[in-house]
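*Asks:* Curious how this folds, go ahead:
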Amino acid sequence: MEASCTSASLFAGADVETDCLTFVEEIPRKEVQQIEIVGRGAFGVVHKAKWRGNIVAAKTLEAENEQNAFTIEAQQMSRVKHQNIIKLYGVVHNPICLIMEFAEGGSLYNLLHGWENCKACPEYTAAHAISWALQCAMGVEYLHGTKPKPIIHRDLKPPNLLLDSTHTQLKIGDFGTACDMQTYMTNNKGSAAWMAPEVFEGRTYAEKCDVYSFGVIIWQIIWQIILC
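*Replies:* Okay, the predicted model is just below:
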């Protein structure tokens with residue numbers, strides 16, 4: 001289920017990098033049937049939905065003043081294609097809605113938090129921890145190697161790591177704070193519990209801030225500890 005590259009009108013008037021621009025499909029709103037709310041991202045609400053006979057995630061913008069950031073999220077997602085990153089299929093307009101791959105297993109955060117009460121979950125083993133950590137690392141490595149400019153996620157955390165129905169395949173989602181790698185960056189983006197010290201303190205940082213967050217994620221996976 002691949003989206004054809006048909007239009008860039010989503011990016012019109014937005015503060016985006018034109019040399020990194022990737023066209024995305026415009027999806028008619030009538031093709032998308034919302035089923036239920038499954039969560040909220042950095043700038044919008046996420047519905048489980050049906051599109052062209054497939055179950056998808058539909059993320060709708062809620063705050064009009066965040067339209068530029070929402071647009072940049074779409075831009076960043078349109079640039080990537082990797083087995084450990086949530087796929088963007090296209091966009092709906094008025095209001096803006098991103099149609100994405102749906103992760104049936106929910107977030108890693110919810111799984112770790114409710115593992116003992118999850119009857120459908122397999123027994124938690126070291127193999128799970130190693131596999132999730134490796135898949136997260138592969139996704140981050142891909143983002144940092146993206147051309148022409150590396151992508152820094154800036155909000156890596158278990159709530160943004162999504163799983164398939166078997167809880168074995170992991171994918172990175174929620175690119176609401178992702179950005180292109182710049183020479184100097186000091187914007188304080190991300191969630192404090194997983195945030196690198198240099199980001200938290202407003203100092204200059206680079207892609208290593210994602211590596212710090214990854215280290216905290218590994219610690220959580222190993223010890224099944226949930227940070228609040």
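
*Asks:* Where is the longest helix in this protein?
*Replies:* Secondary structure of the chain per DSSP state H: the longest helix is helix 126-144.

*Asks:* From the contact counts, what lies against it?
*Replies:* strand 151-152, strand 170-172, helix 208-223 (3 or more Cβ pairs under 8 Å, 6 or more residues apart in numbering; DSSP states H and E). Glycine gets a C-beta too; all of them are placed from N, C-alpha and C.

*Asks:* Which one, of the ones you listed, ends up nearest to residue 92?
*Replies:* strand 170-172 (21.5 Å; Cβ to Cβ).

*Asks:* ranking the helices and strands packed on helix 126-144 by burial, who's on top?
*Replies:* With neighbours defined as mean count of other Cβ atoms under 10 Å, those peak in mean count at strand 151-152, which reaches a mean of 26.

*Asks:* Show the subsequent helix or strand relative to that strand.
*Replies:* On the C-terminal side of strand 151-152, the closest following helix or strand by DSSP states H and E is strand 161-163.

*Asks:* Please identify the buried residues of that following strand?
*Replies:* 161, 162, 163 (16 or more other Cβ atoms under 10 Å).

*Asks:* try stretch 80-99
*Replies:* 80, 84-92, 96-99.

*Asks:* And for stretch 95-112?
*Replies:* Buried, per 16+ other Cβ under 10 Å, within stretch 95-112: 96-103, 105-112.

*Asks:* same check, this time on stretch 195-205
*Replies:* Residues 195, 196, 198, 199, 205 are the ones in stretch 195-205 that count as buried (16+ other Cβ under 10 Å).

*Asks:* Tell me how far the first one lies from residue 92.
*Replies:* Going back to what we said before, that points to residue 195. Per Cβ to Cβ, to the nearest Å, residue 195 is found 32 Å from residue 92.

*Asks:* what's the answer for the fourth one, then?
*Replies:* Taking Cβ to Cβ as the criterion, residue 199 is separated from residue 92 by 33 Å.

*Asks:* What segments of the protein are helices?
*Replies:* Going by DSSP H, the chain shows helices at 67-78, 108-113, 126-144, 197-200, 208-223.

*Asks:* how far does stretch 150-168 sit from the chain's center?
*Replies:* 6 Å (Cα atoms, centre = their mean, to the nearest Å).

*Asks:* Break the protein into its domains for me.
*Replies:* As given by the TED database, the domain ranges for the chain are 25-101, 106-227.

*Asks:* Least reliable of these by average pLDDT, please.
*Replies:* Ranked by mean pLDDT, the domains of the chain bottom out at domain 106-227, which scores a mean of 82.

*Asks:* sorry, back to before: now flag whichever of the buried residues of strand 161-163 is closest to residue 173.
*Replies:* Of the buried residues of strand 161-163, the one sitting nearest to residue 173 (Cβ to Cβ) turns out to be residue 162, at 4.9 Å.

*Asks:* The closest one against residue 171, yeah?
*Replies:* Yes - in this structure, residue 162 is within contact of residue 171 by Cβ atoms under 8 Å, at 5.1 Å.

*Asks:* Can you work out which residues contact both of those two?
*Replies:* Applying Cβ atoms under 8 Å, 6 or more residues apart in numbering, one finds that residue 162 and residue 171 are jointly contacted by 86, 103.

*Asks:* so what's the most centrally placed residue in the chain up against?
*Replies:* Nearest to the mean C-alpha position of the chain, counting by Cα atoms, centre = their mean, stands residue 173 at 1.8 Å. Under the criterion of Cβ under 8 Å, 6+ apart, the neighbours of residue 173 are 41, 85, 86, 100, 103, 160, 161, 162.
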